[in-house]
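Peer 1: what's the 3D shape of this:
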Amino acid sequence: MRAYIFPGQGAQFAGMGKDIYEKYPIAKEMFEKANSILGFRITDLMFSGTDEDLKQTKVTQPAIFIHSTILAAVLGENFKPEMVAGHSLGEFSALVANKTLSFEDGLLLVSKRAMAMQKACEKTPSTMAAIIGAEDKVVEEVCESISEVVVPANYNSPGQIVISGSNEGIDKAIEALKNKGVKRAIKLAVGGAFHSPLMEPARIELEEAIRSTHFSQPVCPVYQNFNAKPSSDPETIKANLVAQLTSPVRWTQSVINMITDGATLFTEVGPGTVLQGLVKKINSSVTTEGVVL
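Peer 2: All right, here's what the predicted structure looks like:
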């Protein structure tokens, strides 16, 4: 069984999507629709902007979403998802791919999400750090022992967790983890503490938008970040999508559950190959690939 997986923030690169825009009429149509919905020509920034241009929050998240969903559309009749999942932002791409959301509604929600997260980041100075080579339980215990806000944010693969919190909380957690013998703890160049309680203002803002958006019955289950379980009920999907902003991305658990449910091939749809690498670290026996047009 094939699982389609969709990347999140950090997968962007200069020139992304230019080749499919020029080659496929459906891609050109959807890119131009995106320009119209967003009210600025995001295609100019994606195709010929700098890495710095693409790092702007209002650009990064929509750009990755647009690239992923258009790639799936270009596959046409060859795209028959049996199960889907997305990493953080990628969950919105997955929900367009399995027909829960329209492309237009998905893009509007992603744009609102990006702006709401940016505002939350500006409200409280905060950051994230990648912890390499530590057991999940060790990281969890350290986070719980610190009085500042610091929590596990991304369970990416065994031995790779990202933590999220206030600047002080992250510094204290890194120090405590190093005292426990953890050798690699790297602060990330991000704007704030994603998937932590510090995203609560963004969660409230996004909840209103999600609640008022039409979600259809999907054509296949989505394995959601919030609980790593398959969802096909539109109301459950909405609730989990709202909770995602302040809860950890359970990617390791999602991939394990997809494999348990029959996934043997994982196809990454979107820019980059990050998720293929994570899947291989979770279970080296499955096959991974990118989209071949």
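
Peer 1: Now do the strands in the stretch 151-293 of the chain.
Peer 2: 160-166, 184-187, 222-223, 230-231, 265-268, 287-290 (DSSP state E, counting those that start in this stretch).

Peer 1: Now mean neighbour count, distance to residue 175 and mean pLDDT too, for the ones you listed, in TSV please.
Peer 2: Where C-beta positions appear, they are placed from N, C-alpha and C, glycine not excepted. Converted to TSV, the strands of the stretch 151-293 of the chain look like this (neighbours: other C-beta atoms under 10 Å; distance: least, C-beta to C-beta, whole Å; pLDDT from 0 to 100):
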stretch	mean neighbour count	distance to residue 175	mean pLDDT
strand 160-166	25	12	97
strand 184-187	15	9	93
strand 222-223	27	35	98
strand 230-231	19	38	98
strand 265-268	22	35	97
strand 287-290	15	36	96
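
Peer 1: Show me how the record splits this protein into domains.
Peer 2: Split into domains by automatic domain parsing, the chain comes to 2-122+197-290, 125-187.

Peer 1: Output the strands of the stretch 151-293 of the chain in JSON lines; the columns should cover distance to residue 105.
Peer 2: Converted to JSON lines, these look like this (distance: least, C-beta to C-beta, whole Å):
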{"stretch": "strand 160-166", "distance to residue 105": "28"}
{"stretch": "strand 184-187", "distance to residue 105": "35"}
{"stretch": "strand 222-223", "distance to residue 105": "15"}
{"stretch": "strand 230-231", "distance to residue 105": "17"}
{"stretch": "strand 265-268", "distance to residue 105": "23"}
{"stretch": "strand 287-290", "distance to residue 105": "26"}
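
Peer 1: of those, which approaches residue 28 most closely?
Peer 2: strand 287-290 (21.5 Å; C-beta to C-beta).

Peer 1: can you give me the offset of the closest one from its chain's centre?
Peer 2: Remark: strand 287-290 is offset 18 Å from the chain centroid, using C-alpha atoms, centre = their mean, to the nearest Å.

Peer 1: List the contacts of it.
Peer 2: With C-beta atoms under 8 Å, 6 or more residues apart in numbering as the test, strand 287-290 has contacts from 264-268, 273, 276, 279-280.

Peer 1: tell me the SS of residue 96?
Peer 2: helix (DSSP: H, G, I helix; E, B strand; the rest coil).

Peer 1: That one and residue 79: what is the separation?
Peer 2: Distance, residue 96 to residue 79, by C-beta to C-beta, to the nearest Å: 11 Å.

Peer 1: any residues in contact with both of the two?
Peer 2: Common neighbours of residue 96 and residue 79, counting by C-beta under 8 Å, 6+ apart, are residue 72.

Peer 1: Give me the more crowded residue out of the two.
Peer 2: residue 96 (26 against 15; other C-beta atoms under 10 Å).

Peer 1: For that one, list the residues it contacts.
Peer 2: 65, 69, 72, 102-103, 106 are the contacts of residue 96 under C-beta under 8 Å, 6+ apart.
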